[in-house]
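[1] sequence first, predicted coordinates after that:
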Amino acid sequence: MQFFIAAASVALLSHPAAAFVAPSAPVVASAGVARSAATLSEDVADDAVKERKDLERQRLKQALLGRLGGPSLSSSNDPVLADPLTKESLSMSVKGPILGGGTPRSGMSLTLRSSVDSDRVFEGRTNTYMNLLEPASASTPSDSEEEKTSVSSSPLLSSLLTLTPPPLRAFVANATDSDVEYIPMRDLFTSPSVSFAYERGWRQGFSAAGFPGADKEFELAKEYFAPVIEKKRESNEDSVLVDMSCATGLFTRRFTKSNEYSRVIACDYSDSMLSEARRRIRADPEIASSPTKLDLVRCDVANIPMKTDSIDAFHAGAAMHCWPEIEKSLAEIHRVLVPGGRYFATTFLGNYFENVAAAERASNGGADVAPSVQAFQYFPTKEYLTDLLVDAGFEVEKVNVEVVGSGCVIMRCEK
């Protein structure tokens, strides 16, 4: 009744002439007031629906940021990710349709901005990956600057180089396009054809060197990480695992589906590997139902875009032999691990690549080629690897290097 009187008052104030309607027209006045009341009621209902939609949109955005491993809308700084150059915090914002106007597969755009330099902005999409390899705001080199681009920017050339004998790849790349920089041990895996083949026979072939297989290697890594993760669980703290050089997500998917970790961050230098990883992740229904937050990040292991002392468990499966800046990369891993954090890795011993190394020497007049044009890192002994890890900051008593089979090395290190 009070609402009706208020509505009637609004109607009379809005239409002063209605106060002077002849007594012979009471029905007309009543109808006008009723219509005004009905309009107000509809407006209130529309506002309520709009408010519910806005709240749902905000809820979905916040849930999405949570799945990404990012912050809530009220606290935008990511707890782990950082500018790869300055190591300062990154704030994350999301832009794109949530309700209507798009499908889940279309994803939403992500912007990650440096907390100390607003000009350093990184981008990504929720349905692909976050690109923290270089800022999107990076200026274009001037004509006077001799700046080369990675071969990953040319998928066709990258695929052609896959078919080129390892000793000749760098020479072919440089002769084909002087603006392209090709580092064999890094750029081989930027080829879409290698990404396609990786879980279709390529990775399975590592068993010839003594690799235990993906399932067994996953169990070994999970077992080694368990004490660290259990401590986090007991103290009711989130745990973060990094799968570096994740390739197509062979281990990423296993770590995520184990539900042992609060957050899994899968990293790779290769756009095509990350794209294939995302495709496989999207096709796995167990991952969709996992409570683990999962991020895909494009980055360089020699400049890890994460805060110091932020990672509990760090995995690198069959990867170290493909890192051009091996000393810097291992130092970065040591930096990002929390005190007591653990690093588990597998790689090849150099003897497994002896034929490739011999071909490189033959193409170079019998002398060793420069590391920048080597097909891989050739680690001569487990003692050599131990020294690399100690030089990176790990204490020798907390480093264990084991040779399995003819050419597989398993490393366990604690910070």
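    Yes, it's here. Residues are numbered from 1 along each chain as shown.

[2] pretty sure Arg254 is in a helix, no?
    Yes - per DSSP: H, G, I helix; E, B strand; the rest coil, Arg254 lies within a helix segment.

[3] following element in sequence after the strand or helix carrying Ile265, please.
    Using DSSP states H and E, Ile265 sits within strand 263-268. Following strand 263-268 in sequence order, the next helix or strand is helix 271-282 (DSSP H and E).

[4] angle of that next one against strand 263-268?
    Helix 271-282 runs at 150 degrees relative to strand 263-268, counting by axes from the mean of the first three to the mean of the last three Cα atoms, to 10 degrees.

[5] can you pull the buried residues of helix 271-282?
    Neighbour counts over helix 271-282 (16 or more other Cβ atoms under 10 Å) mark Asp271, Ser272, Met273, Leu274, Ser275, Glu276, Ala277, Arg278, Arg280, Ile281 as buried. C-beta here means a position set from N, CA and C on the backbone, and glycine is covered the same way.

[6] does anything pack onto it? Which helices or strands?
    Helices and strands touching helix 271-282, by 3 or more Cβ pairs under 8 Å, 6 or more residues apart in numbering; DSSP states H and E, are helix 192-197, helix 250-257, strand 263-268, strand 293-298.

[7] show me what counts as buried in the next helix or strand after that helix.
    Counting by DSSP H and E, the element after helix 271-282 in chain order, helix or strand, is helix 285-288. By 16+ other Cβ under 10 Å, the buried positions in helix 285-288 come out as Ile287.

[8] cool, and stretch 247-266?
    Residues of stretch 247-266 classed as buried: 247-256, 258, 260-266 (neighbour count, 16+ other Cβ under 10 Å).

[9] next: stretch 369-384.
    In stretch 369-384, counting by 16+ other Cβ under 10 Å, buried: Val369, Val373, Gln374, Ala375, Phe376, Gln377, Tyr378, Phe379, Lys382.

[10] dump the C-alpha coordinates for stretch 107-125 into CSV.
    C-alpha atoms of stretch 107-125 as CSV (Å, rounded to 0.1, in the frame of the first residue of the first chain):
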residue,chain,number,x,y,z
GLY,A,107,39.2,-17.0,-23.8
MET,A,108,39.8,-13.6,-22.4
SER,A,109,42.8,-11.3,-22.7
LEU,A,110,45.2,-10.9,-19.8
THR,A,111,47.3,-7.9,-19.0
LEU,A,112,50.2,-8.2,-16.5
ARG,A,113,51.8,-4.9,-15.6
SER,A,114,55.1,-4.3,-13.7
SER,A,115,54.5,-2.8,-10.3
VAL,A,116,57.6,-0.5,-10.7
ASP,A,117,57.5,0.4,-14.4
SER,A,118,54.1,0.9,-15.9
ASP,A,119,55.6,0.8,-19.4
ARG,A,120,56.5,-2.9,-19.0
VAL,A,121,53.3,-4.7,-19.9
PHE,A,122,52.9,-8.4,-20.7
GLU,A,123,50.0,-10.0,-22.3
GLY,A,124,48.3,-13.4,-22.7
ARG,A,125,45.0,-15.2,-23.1
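
[11] coming back round to it: may I see the buried residues of helix 271-282 organised as a markdown table, with distance to Glu199 added?
    Shown next, in a markdown table, are the buried residues of helix 271-282 (distance: Cβ to Cβ, whole Å):
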| residue | distance to Glu199 |
| --- | --- |
| Asp271 | 17 |
| Ser272 | 13 |
| Met273 | 11 |
| Leu274 | 14 |
| Ser275 | 14 |
| Glu276 | 8 |
| Ala277 | 10 |
| Arg278 | 14 |
| Arg280 | 8 |
| Ile281 | 13 |
